[in-house]
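Undergrad: coordinates only, sequence not included:
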């Protein structure tokens, strides 16, 4: 447990940040899943729209340093390749 006032505050902030980060990561994973489901169903228009939303979410996580830029790039690249293969 924290021994000083500043350590207590840092612990409170860490809890808040962790909760926010978990929520944001979950939203990004859901967006990626939505793209994959649209691709699996063969819905090209829905997949493209979902892809744009997913890319925006993933890029915002990179800017907030919640996700590493290489991981974000990997996700975007794989989704783009699946979209391209869809036709």
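TA: Structure's in. What do you need? Model, not experiment: these values are computed from the prediction.
Undergrad: centroid-nearest residue for this protein?
TA: For the chain, the residue sitting closest to the mean C-alpha position, by Cα atoms, centre = their mean, is residue 28 at 2.7 Å.
Undergrad: and for the closest residue in space to that one that isn't next to it in sequence, the neighbour number?
TA: With sequence-adjacent residues excluded and distances taken as Cβ to Cβ, 6 or more residues apart in numbering, residue 28 is closest to residue 57, at 4.7 Å. (Glycine included, C-beta is placed from N, CA and C.) A count of neighbours around residue 57, defined by other Cβ atoms under 10 Å, yields 19.
Undergrad: contacts only, for the residue nearest to the centre of the chain.
TA: 54, 57-58, 61, 67 (Cβ atoms under 8 Å, 6 or more residues apart in numbering).
Undergrad: farthest pair within those residues?
TA: 54 and 67 (12.2 Å; Cβ to Cβ).
Undergrad: so the nearest residue to residue 8 once chain neighbours are set aside versus residue 14, what's the distance?
TA: Leaving aside its chain neighbours, residue 8 sits nearest to residue 2 (4.3 Å; criterion: Cβ to Cβ, 6+ apart). According to Cβ to Cβ, to the nearest Å, residue 2 and residue 14 sit 10 Å apart.
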